[in-house]
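>>> sequence and predicted structure, then a few things I'm wondering about:
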Amino acid sequence: MSSPTNRVSDSKIALITGASSGFGKETAKLLSTQGITVFGTSRNPSNAQDPDGFRMLRLDVTSDESVRSCIQELLLRTNGRIDILVNNAGFILFGAIEEATIEEAKMQLETNLFGVMRMVHAVLPTMRRQKGGQIINIGSLAGFIAVPFQGYYATAKFALEGYTEALRYETKKLGIKVSIVEPGFFKTNIGQAAKVANARIEDYKQPKKNALATLKHYEEEGQDPKIVAETILQIIQSNSPKLHYPVGKEKSALIYKRLLPQSIFESGARRRWKLDA
Ligand SMILES: NC(=O)c1ccc[n+]([C@@H]2O[C@H](COP(=O)([O-])OP(=O)(O)OC[C@H]3O[C@@H](n4cnc5c(N)ncnc54)[C@H](OP(=O)(O)O)[C@@H]3O)[C@@H](O)[C@H]2O)c1
């Protein structure tokens, strides 16, 4: 429960899911320097206040009850206001599509897709009442170009693209702005936090090993997550934010995918991920 001294009402209020590391933490830090009152979240926050100056709330986006109590606590502390929601929380399930059980696939979608939906449901009534608000979803380049052995991650991110586009159509007249950020490879905790499908099928062993080696290389070469935080700040500062914000040095791949014949694009991708080696 909050004390009256915790209450805030003057500045814009932002909620960023998954602010214990990576993009979420960098974004929470950056927005806090801009006069925005920032609430970050973690499933296990060590402190109510992050040393970088933003507040932390407990949240597991896979739980209806956790989402309900997080938003209730936030609204109590902000006199019922929320201006910005950044849906960032997520993880990667690694493994062949056939190796992952349906339960494992559901876990991936519960966090990376239904988690976003839970949060949007929870904030829209307040944003509609305010006649204003902004929702920024963190998608991925993998929402346009699937990565082998991250099939359910791509499934969630492709679906998030359609969801975000539809939400934008529906809420614009209500004063609610909706955008999606689509990063390439960035240096965060996502590789270490990745879950691996339990089953092992011998036929996938070699291509999976090769794809993982390529992925590790991309992760090592990954860019600074501050770039994504800066993109999110630009979206917030923009008078008329766009729907799509691809970000990172790999974004030219989107143009290749659009322009090249599918067979040529696919051969290039097979070579890149060493699927036939
Ligand atoms: N890094 C990249 O190259 C990259 C590229 C494209 C897109 N993305 C996307 O960017 C977003 C952030 O990822 P990141 O790279 O910054 O990874 P990260 O450093 O691993 O951060 C992930 C955050 O999500 C939170 N989280 C995970 N599961 C959660 C759950 N069930 N409920 C609530 N919070 C949960 C974690 O918080 P706790 O563990 O403390 O709860 C953590 O703060 C993800 O949506 C990811 O798909 C990343």
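On my side now, so go ahead.

>>> where along this structure do the helices fall?
22-32, 64-77, 102-109, 115-130, 151-171, 190-193, 205-220, 226-237, 252-259, 262-272 (DSSP state H).

>>> can you tell which of those helices is closest to Ser140?
Comparison of the helices of the chain against Ser140 by Cβ to Cβ identifies helix 151-171 as nearest, at 4.4 Å. Placement of C-beta: from N, CA and C, glycine included.

>>> is the ligand contacted by that closest one?
No. Helix 151-171 is not in contact with the ligand by Cβ under 6 Å from any ligand atom; minimum separation 6.9 Å.

>>> please point out which parts of that helix sit buried.
151-161, 163-164, 167-168, 171 (16 or more other Cβ atoms under 10 Å).

>>> cool, stretch 254-265 as well?
For stretch 254-265, burial by neighbour count (16+ other Cβ under 10 Å) applies to 254, 257, 265.

>>> who's in contact with the first one?
Translated: Leu254. 141, 144-145, 246 (Cβ atoms under 8 Å, 6 or more residues apart in numbering).

>>> could you dump the helices of the chain to CSV with mean pLDDT?
As requested, the helices of the chain are exported to CSV (pLDDT from 0 to 100):
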stretch, mean pLDDT
helix 22-32, 98
helix 64-77, 98
helix 102-109, 98
helix 115-130, 98
helix 151-171, 98
helix 190-193, 96
helix 205-220, 95
helix 226-237, 98
helix 252-259, 96
helix 262-272, 97
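
>>> thinking again about what came up before, from the buried residues of helix 151-171, which is closest to Met127?
Closest to Met127, out of all of the buried residues of helix 151-171 and judged by Cβ to Cβ, is Thr171, at 7.8 Å.

>>> list the contacts for the residue lying closest to the closest one once chain neighbours are set aside?
Counting by Cβ to Cβ, 6 or more residues apart in numbering, Val178 is the residue found nearest to Thr171 once chain neighbours are left out, at 6.0 Å. Applying Cβ under 8 Å, 6+ apart, we find Val178 in contact with 134-137, 164, 167-168, 171-172, 243.

>>> same deal with Phe158?
Counted by Cβ under 8 Å, 6+ apart, Phe158 has contacts 143-144, 146.

>>> now the buried members of the residues you listed.
The buried subset of the contacts of Phe158 - by 16+ other Cβ under 10 Å - is 143-144, 146.

>>> which one of these is nearest Ile13?
Gly143 (27.6 Å).

>>> who's in contact with stretch 112-132?
Contacts for stretch 112-132 (Cβ under 8 Å, 6+ apart): 15, 17, 61-62, 64, 67-68, 70-71, 75, 80-83, 85, 87, 89-91, 133, 135, 137, 153, 156-157, 159-160, 163, 167, 171, 174-176.

>>> sorry, back to before: just the helices of the chain: most buried one?
Highest mean neighbour count among the helices of the chain (mean count of other Cβ atoms under 10 Å): helix 22-32, with a mean of 24.

>>> now do it and helix 226-237, the angle between them.
Going by axes from the mean of the first three to the mean of the last three Cα atoms, to 10 degrees, helix 22-32 is angled at 50 degrees with respect to helix 226-237.

>>> how about helix 22-32 as CSV, C-alpha atoms only?
Output of helix 22-32 as CSV, limited to C-alpha atoms (Å, rounded to 0.1, in the frame of the first residue of the first chain):
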residue,chain,number,x,y,z
GLY,A,22,17.6,-4.8,-20.9
PHE,A,23,15.4,-2.5,-22.8
GLY,A,24,12.9,-2.0,-20.0
LYS,A,25,15.6,-0.9,-17.5
GLU,A,26,17.2,1.4,-20.0
THR,A,27,13.9,2.9,-21.0
ALA,A,28,12.8,3.4,-17.3
LYS,A,29,16.2,5.1,-16.6
LEU,A,30,15.9,7.4,-19.6
LEU,A,31,12.3,8.4,-19.1
SER,A,32,13.0,9.2,-15.5
